[in-house]
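The sequence and its predicted three-dimensional model are supplied below.
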Amino acid sequence: MLLVSACNNENRPAGAGNSNTDSNAVPVPAVISYDILNEYPHDPNAFTEGLEYKDGFLYESTGQYGMSDIRKVDLKTGKVLLSAKMGPRYFGEGLTLLNGKLYQLTYREGKGFIYDPATLKMEKTFNFNTAEGWGMTNNGACLIFDDGSNVQHYLDPITFKEVKQLAVTDEHGPVNEINEPELIHGYIYANQWRTDNILKIDTTTGRVVARADLSTLRQRTGIPPVSGDPHGPDVLNGIAYDTANNRIFITGKNWPKLFEIRLDN
């Protein structure tokens, strides 16, 4: 029980949350508008699976077997400053920075990697017990990752035991294919695979309390709309948050641009 309590560290602002007092009602998520504040170059060969921001730099995990890596990127130029290629049997997935270490998931290998952010030297590995690993974030106490279902898994970063699950739902029921989460002001903001949506998720109830449709970002990158074709243009994937300056960065798989946007942050 102590571990579960330690993971409840989302630090939501006082008074935030759903004000609907009818416990049987399932409110329709609010619509979040957004503004584009800046555009930056992004490597169009980066199959982005995880994105983090710290002290002026982006840290990115890229996917695809034989091509996956972890990299440190200059925000303004998009230049890759440092990279470490993964072995051909690994498909890189979610990435998060916790307690001065980078944690990275793999897709179907059940293994995670821990790196020194300064050198990208791999220091340790860990195992996780889901069939797939997708996106990852943290709340300062626990690693939080998703697996393609509607469940957010909370792991103790010392023992790597699962200490909590959060089931994500909206007005229609379970919300699957949650990806690339980022904790911002006590809520999880996450991509939903094969859509242009970012979902705002209440970390207490698991409910989607708001949605943002970012389809116009695809237009600005010159990428056609989502078609449902598995071999079509790659999807929105990558959310990073600058806590010091309250900035949100967004990109996608093989996108040539990265955007700084304002949502409801």
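Cool, got the structure.

what about the helices in the stretch 101-250 of the chain?
215-221 (DSSP state H, counting those that start in this stretch).

Before we move on, what's the pLDDT of the residue most central in space within the chain?
The chain has Glu180 as the residue nearest its centroid, 2.3 Å off, counting by Cα atoms, centre = their mean. pLDDT recorded at Glu180 is 94.

What about the closest residue to it other than its chain neighbours, how many residues nearby?
Of all residues not flanking Glu180 in the chain, Gly135 sits nearest, at 3.8 Å (Cβ to Cβ, 6 or more residues apart in numbering). No exception for glycine: its C-beta is placed from N, CA and C like everyone else's. Burial measure for Gly135: 31 neighbouring residues, criterion other Cβ atoms under 10 Å.

OK, contacts around Gly135?
Neighbouring residues of Gly135 by Cβ atoms under 8 Å, 6 or more residues apart in numbering: 49-50, 93-94, 105, 145-146, 178-181, 190-191.

Repeat that for Ala84.
Here Ala84 is in contact with 69-71, 115, 120-122 (Cβ under 8 Å, 6+ apart).

and which of those residues is nearest to Asp156?
Asp156 has its nearest neighbour among those in Tyr115, at 19.0 Å by Cβ to Cβ.

so that closest one makes contact with Leu98?
No. Using Cβ atoms under 8 Å, Tyr115 is not in contact with Leu98, being 11.6 Å away.

Glu49 contacts Glu93, correct?
Yes. Contact status for Glu49 versus Glu93: in contact at 4.8 Å, counting by Cβ under 8 Å.

Need phi/psi at the residue nearest to Glu180.
As for Gly135, its main-chain torsions (degrees, to the nearest 10) stand at phi -100, psi 170.

quick one: least confident helix or strand in the protein?
Lowest on mean pLDDT, DSSP states H and E among the helices and strands of the chain sits helix 2-7, with a mean of 50.

Could you tell me which ranges of the stretch 1-150 of the chain sit under the pLDDT cut-off?
1-6, 9, 12-24 (pLDDT under 70).

which stretches of it form strands?
30-31, 35-41, 48-54, 57-62, 69-74, 80-85, 92-98, 101-106, 111-115, 122-127, 136-138, 143-146 (DSSP state E, counting those that start in this stretch).

For Gly238, find the nearest of those strands.
Closest approach to Gly238 among these is made by strand 48-54 (3.9 Å; Cβ to Cβ).

And the contacts of that closest one?
Identification of contacts with strand 48-54 by Cβ under 8 Å, 6+ apart yields 42, 58-63, 75, 92-97, 102, 104-105, 117, 135-136, 180, 237-242, 247, 249, 251-255.

Work out the sheet partners of that strand and label each with its direction, please.
strand 57-62 (antiparallel) (DSSP bridges).

ok, Arg218 to Ser83 distance?
To Ser83, Arg218 is 26 Å away according to Cβ to Cβ, to the nearest Å.

These two: which has the busier surroundings?
A direct count of neighbours by other Cβ under 10 Å for Arg218 and Ser83 places Arg218 higher, at 19 against 13.

so the more buried one sits right up against Asn237, yeah?
No. Checked against Cβ under 8 Å, the pair Arg218 and Asn237 is beyond contact range at 11.9 Å.

Identify the contacts common to the two.
Gly252.

quick revisit: for Pro225, which of the strands of the stretch 1-150 of the chain is the nearest?
strand 35-41 (17.9 Å).

For that closest one, which helices and strands make contact with it?
helix 215-221, strand 257-262 (3 or more Cβ pairs under 8 Å, 6 or more residues apart in numbering; DSSP states H and E).
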